[in-house]
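> I'll drop the sequence and a predicted model, then ask my questions.
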Amino acid sequence: MRRWTGLVAAGTAVLLWSEWLNRRWSRTLVGRGSGGEVSEAVIVLGFRNRGSTANFVNRWRVRAGLRSVSAEGACDTTVVFSGGAAAGSGATEARLMADYARSACGFDGTVLLEGRSTTTWENVTNVIPMVEDADRIKIVSQPAHALKARVYLRRQRPDLAERLARADDCRPGEWLLGKPLLALYGLWALRGVKPEERKPA
């Protein structure tokens, strides 16, 4: 009995740790955007899509991106889907995500596609011309990956980093059993990000 109690306690501790860590990442290097916002850009980053339709991860990212669109009617929002074609795939991740947003999610707002990127650095580089006029910028992915992209944006265009706002990419209980793996992957993915880069400028 004690053994099972210990295992349950350990499992609960791991889940709480991973929940806390993902939540922390989703709230790092974000503010409320620039003052007097009238426009926003929601950037959805693609993930290794080799099929002819959006994969499980990209479908979730699309839904997280769409729920990140501000409810304020006065805010003009553009959703940017970013991701090139994976090896062996003809369609770009950007196109597959956009198709899913339209057909499955019923999104009828403004959409832009960036279909050349194959790395996170390229994602950021290639979407900058599409979003640099927005008053508020949100980057959507798994929390650690989105944080990495925000760090890259600050490296490339520190003037735009102050416009970053939090996306709705981390909800309590979502991905619950997978969050420990996401936390471990996030620690690995963020190994090249210096501690000072995670602090507001």
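Good, I have the coordinates.

> Return the set of buried residues in the longest helix seen in the chain.
Residue-count comparison of every helix in the chain, with assignments taken from DSSP state H, identifies helix 2-26 as the longest. Neighbour-count burial for helix 2-26, with 16 or more other CB atoms under 10 Å as criterion, is recorded at 15, 18-19, 21-22, 25-26. Placement of C-beta: from N, CA and C, glycine included.

> what packs against that helix?
helix 143-156, helix 179-189 (3 or more CB pairs under 8 Å, 6 or more residues apart in numbering; DSSP states H and E).

> Average the pLDDT values over the helix or strand following that helix and round to the nearest integer.
Toward the C-terminus, helix 2-26 is succeeded by strand 39-45 as the next helix or strand (DSSP states H and E). Throughout strand 39-45, pLDDT has a mean value of 97.

> And stretch 11-20, by the same measure?
Averaged across stretch 11-20, the pLDDT comes to 89.

> do stretch 113-122 as well
Stretch 113-122 shows a mean pLDDT of 96.

> So which residues make contact with that stretch?
For stretch 113-122, the surrounding residues in contact (CB atoms under 8 Å, 6 or more residues apart in numbering) are 45-46, 80-85, 92-95, 98, 123, 125-127, 130, 145, 148-149, 152.

> mind running it again at 10 Å?
Counting contacts by CB atoms under 10 Å, 6 or more residues apart in numbering, the residues outside stretch 113-122 that touch it are 43, 45-46, 79-87, 91-98, 123-131, 139, 141, 145-146, 148-149, 151-152, 155-156, 189.

> So among those, which ones count as buried?
Here, 16+ other CB under 10 Å leaves 43, 45-46, 79-86, 91-98, 123-128, 130-131, 139, 141, 145-146, 148-149, 151-152, 189 buried among the contacts of stretch 113-122.

> Give me the residues contacting the lowest-mean-pLDDT helix or strand in the chain.
Of all the helices and strands that make up the chain, helix 2-26 has the lowest average by mean pLDDT, DSSP states H and E, namely a mean of 84. Residues outside helix 2-26 that contact it (CB under 10 Å, 6+ apart) are 141-148, 150, 166-184, 186-187, 190, 198.
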